[in-house]
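Novice: give the three-dimensional model of this entry:
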Amino acid sequence: MGSRIGSALVVGALALAVSAQPARAGSHTGNRPVIGQFHHLVVLYEENHSFDNLYGMWGPVAGQRVDGLAKAPAARTLQRAQSGDVYGCLLQNDVNLKSPTPLPTTCMDPAHGAPASNFVNAPFVIDRFIPASATTCPPPGVFAPNGVLNGQGLPGGCTEDIVHRFYQEQYQLDGGRQDRYVTGSDAVGLAMGVYDTTKLPIWQYLHARGAPNYVIADHFFQGAFGGSFLNHQFLVAAQAPVDTSAGPGGAHAGLHSVVDANGFPNTYPLYTPTGSVKDSRLTQACGASAVPGLACGDFAVNTIQPASQPTAGGDELPLISDSVEPNIGDRLSAAGVSWAWYSGGWDNAAGNVNGRGWTNGTIPGTCTDPQHATGDVYPYCADALFQFHHQPFNYFANYAQGGKGRSHLQDEADFQHAVKVGRLPAVSFVKPIGEENEHPGYASETSGSMHLVDLLKQILSGPQAKDTLVLVTYDEFGGQWDHVSPPGTGSTTGPHDLFGPGTRIPALIVSAGLRESGVDHTVYDTTSILATIERGLHLKPLTSRDARVADLRNVLRIGD
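Specialist: Residues are numbered from 1 along each chain as shown. Prediction:
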């Protein structure tokens, strides 16, 4: 059965790619709105938070209720052990949440791995224990697997990072019961942490006097299960890329995952595999040993590096053929529509000399970067927290070094300049650098939210403000619990397949051109962004997912 599933997926992906040819060049003159009356769409793509984790305490908008923590049924807040038992307490291994120190032991559940804890089995507010002022952030580029003890790090209130991978998330969702986030996590109880939404700079900005109107989409799901790499691919191509070097005898033939009978690929503090496992970059191999009902084949689903600079090296995905697996950049370019991917730190990482305050060394193997001297190979002087796998177009042949579309990949500073002078392209994707993207583990949530507010202020005070619609969303859940079942699980309906959608994520639509604020309960996923662009500009869909999902037009009905 597994072999048939994998073969069907490969054939289906190829068939969709062949059938969905780019729209005829010149079919868009550049003056046509992207959506509604808006000629410019800006996607601000943040990092790693579930909806409940970040926006669960948002509160009503224009008298309309948001589906937040207050609406979470008890059955979806209680976390269960591998055995199916309900935990009495939450085990914690972040150094700032552990008991008996630094927190007192107030809860004990030794039968389920929590002999000492300060947390009952329920969501808890992170910033009551790790406030934004806490000095718990690691130095840039330093990995602290269980966090940094308060007083020993940099300010910002960082937590430890939390696993967020393809097969793990499917186990955590538990068929829509949402009750195995703790068991399926390396960070255990931290998965149930949430932030006080009202303390976030973005919440305070949108609730201040003179704030712009906005619509909050409270049923917006990450496009694919797992982490940043795959969800960035779904943002631009609506599918998992095939690793063409993973076949028999190929260089990556050994990169397939192996999952146990529960579909789980690893050992964690509260999970013991039922058989052999391997947590790797590709889906499980198809064949008799494949676990039925889970994706199999040569699909890259967990972080793998691009073959084109900038890259961190190691296992690299062969360049994706745009003719086999097209992306939204190809569609827009073929139709004559202006667009760009703007990334914080791109010029440094890509070796672009532009006079913006950095220099690369004259001796190979050295570089000087005013922010972070990284020692990267000359001339690619990447910031210590530049994330190479957050650059999805760099995986495609058209946008690799020397590719005809390379000029569409630009620095965030170019975006800020375009905003200031009123020269935004029709479609802009903006990816903040690591320090400013809100990613748990290496970034401060508060600092990232402040940077988000700064970007919004720039856009909304620019000459094209009323003509620009801004979507703020996140690539994926970051390993954090949410109470709403994704499409294909529980009672939530919507397009789905063996790759997702996954956990619900935050989403805001902001514009000086919206007349009202409100709440949109429409079921969306990351590929709804593609659907919005494709339908607004009459471009053919890339795959069956973006062909079927809802686009963002309902937001305009609410905001008008």
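Novice: show me where the stretch 301-450 of the chain has strands.
Specialist: 305-306, 316-317, 339-343, 359-360, 367-368, 409-411, 427-431 (DSSP state E, counting those that start in this stretch).
Novice: which of those strands has the lowest average pLDDT?
Specialist: Lowest mean pLDDT within the strands of the stretch 301-450 of the chain: strand 359-360, a mean of 43.
Novice: check contacts around N150.
Specialist: Applying C-beta atoms under 8 Å, 6 or more residues apart in numbering, we find N150 in contact with 96, 102, 130, 134-136. Just so you know, the C-beta spots here come from the backbone N, C-alpha and C atoms, and that holds for glycine as well.
Novice: identify the farthest-apart pair in those.
Specialist: P102 and T135 (13.3 Å; C-beta to C-beta).
Novice: so for stretch 318-336, what's the average pLDDT?
Specialist: Mean predicted confidence for stretch 318-336 is 97.
Novice: and it, what's buried?
Specialist: Buried residues in stretch 318-336, defined by neighbour count with 16 or more other C-beta atoms under 10 Å: 318-320, 322, 325-336.
Novice: which one of those residues is nearest to T198?
Specialist: I328 (35.3 Å).
Novice: just checking, the closest one touches T532?
Specialist: No: using C-beta atoms under 8 Å, I328 is not in contact with T532; the gap is 10.5 Å.
Novice: residues contacting the most centrally placed residue in the chain?
Specialist: Nearest to the mean C-alpha position of the chain, counting by C-alpha atoms, centre = their mean, stands D475 at 1.6 Å. Taking C-beta under 8 Å, 6+ apart, we find D475 in contact with 45-48, 222, 228, 231-232, 235, 390, 505, 526.
Novice: may I ask which two of those residues are separated the most?
Specialist: H390 and I505 (15.4 Å).
Novice: of these two, which one has the most company?
Specialist: Comparing H390 with I505 by other C-beta atoms under 10 Å, the one with more neighbours is I505, at 31 against 23.
Novice: where does the stretch 1-150 of the chain have low pLDDT?
Specialist: 1-30 (pLDDT under 70).
Novice: can you give me the helices in it?
Specialist: 2-19, 51-55, 74-77 (DSSP state H, counting those that start in this stretch).
Novice: over to the stretch 151-300 of the chain?
Specialist: Counting by DSSP H, counting those that start in this stretch, the helices of the stretch 151-300 of the chain are 166-173, 201-206, 228-237.
Novice: among these, which is nearest V188?
Specialist: helix 166-173 (11.8 Å).
Novice: elements contacting the closest one?
Specialist: Here helix 166-173 touches no other helix or strand, going by 3 or more C-beta pairs under 8 Å, 6 or more residues apart in numbering; DSSP states H and E.
Novice: P155 and G314, how far apart?
Specialist: Relative to G314, P155 is positioned 32 Å away (C-beta to C-beta, to the nearest Å).
Novice: which of the two has more neighbours?
Specialist: Shown here are P155 and G314; by other C-beta under 10 Å, P155 has more neighbours (14 against 9).
Novice: please name the nearest non-neighbouring residue to the more buried one.
Specialist: Excluding its sequence neighbours, the residue lying closest to P155 (C-beta to C-beta, 6 or more residues apart in numbering) is T135, at 5.1 Å.
Novice: distance of the one you found relative to G156?
Specialist: Distance of T135 to G156, given as C-beta to C-beta: 8 Å.
Novice: the more surrounded of the two?
Specialist: G156 (20 against 15).
Novice: out of the strands of the stretch 301-450 of the chain, nearest to R65?
Specialist: Closest among these, once you apply C-beta to C-beta, is strand 427-431, at 30.1 Å.
Novice: out of the contacts of D475, who's nearest A208?
Specialist: So of these, ranked by how close each gets to A208 (C-beta to C-beta), first place is E46, at 20.2 Å.
Novice: how many residues are close by S83?
Specialist: 8.
Novice: any idea how far the closest residue to L69 other than its chain neighbours is from W203?
Specialist: Spatially, and ignoring its direct neighbours in sequence, L69 is nearest to G56 (3.9 Å; C-beta to C-beta, 6+ apart). Here G56 is placed at a distance of 11 Å from W203 (C-beta to C-beta).
Novice: H164 against F225, yeah?
Specialist: No: the pair H164 / F225 is not scored as a contact, 9.4 Å apart, by C-beta under 8 Å.
Novice: beta partners of F221?
Specialist: R504, D525 (DSSP bridges).
Novice: could you measure from L200 over to V215?
Specialist: 18 Å.
Novice: so what sits opposite Y214 in the bridge?
Specialist: V510.
Novice: that one and Q222, how far apart?
Specialist: 21 Å.
Novice: out of those two, which sits in the more crowded spot?
Specialist: The residue with more neighbours, out of Y214 and Q222, is Q222; 32 against 23, by other C-beta under 10 Å.
Novice: pretty sure that one is touching P506, no?
Specialist: No: counting by C-beta under 8 Å, P506 is not a contact partner of Q222; they are 10.5 Å apart.
Novice: quickly list what's touching both of the two.
Specialist: Y474.
Novice: excluding chain neighbours, what is closest to L552?
Specialist: T532 (4.5 Å).
Novice: okay, the one you found: pLDDT?
Specialist: At T532, pLDDT is 98.
Novice: can you confirm it is in a strand?
Specialist: No: going by DSSP: H, G, I helix; E, B strand; the rest coil, the assignment for T532 is helix, not a strand.
Novice: what about it, how many neighbours?
Specialist: 26.
Novice: what sits against it?
Specialist: Here T532 is in contact with 34-35, 41, 551-553 (criterion: C-beta under 8 Å, 6+ apart).
Novice: what subset of these is buried?
Specialist: 34-35, 41, 551-552.
Novice: isn't S50 right up against I505?
Specialist: Yes: contact criterion C-beta under 8 Å: S50 and I505 qualify, at 6.3 Å.
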